[in-house]
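K.L.:
Could you look at this predicted model? Sequence included:
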Amino acid sequence: MLKNTYIPIDCNYYDRLEAWATLQTHCNILYTNEQGNPVEIAGIIQDLFIVEKVEYMQLTSGEKIRLDALVSVNNIPLPPAEESSCRV
């Protein structure tokens, strides 16, 4: 189940998401939904944006996914939060 508190994702992974969005790469996305169940979808990342300090991706299909719900994109797993490359 998703936590209410947003945990920022790894900066290098965010850069990878931006690159896929810019190149309009077709992506296979695995994430955890609000009920805690894994969901697999495929699509093109249209935008990355922030709402109330929470980062999201929007696909061209209209689907919005909270970035800390991601498990993997294109079979590249999201690094654990404690291994984040962008700690301040």
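P.N.:
Good, I have the coordinates.
K.L.:
For residue 73, see how far away residue 5 is.
P.N.:
As judged by Cβ to Cβ, to the nearest Å, residue 5 and residue 73 stand 22 Å apart. C-beta coordinates here come from the backbone N, C-alpha and C atoms, glycine included.
K.L.:
can you give me the strands in the protein?
P.N.:
Counting by DSSP state E, the chain has strands at residues 26-32, 38-51, 54-59, 64-66, 70-73, 76-77.
K.L.:
neighbour count winner among residue 5 and residue 73?
P.N.:
Neighbour count, other Cβ atoms under 10 Å: between residue 5 and residue 73, residue 73 has more, with 21 against 8.
K.L.:
now that one, which residues is it bridged with?
P.N.:
With DSSP bridges as the criterion, residue 73 is bridged to residue 29, residue 76.
K.L.:
ok, it - contacts?
P.N.:
By Cβ atoms under 8 Å, 6 or more residues apart in numbering, the contact list for residue 73 reads 16-17, 20, 27-30.
K.L.:
Separate out the buried members of those.
P.N.:
Buried by 16 or more other Cβ atoms under 10 Å: 17, 20, 27, 29-30, out of the contacts of residue 73.
K.L.:
for the residues you listed, which one is nearest residue 81?
P.N.:
Comparing those against residue 81 with Cβ to Cβ picks out residue 17 as the nearest, at 15.8 Å.
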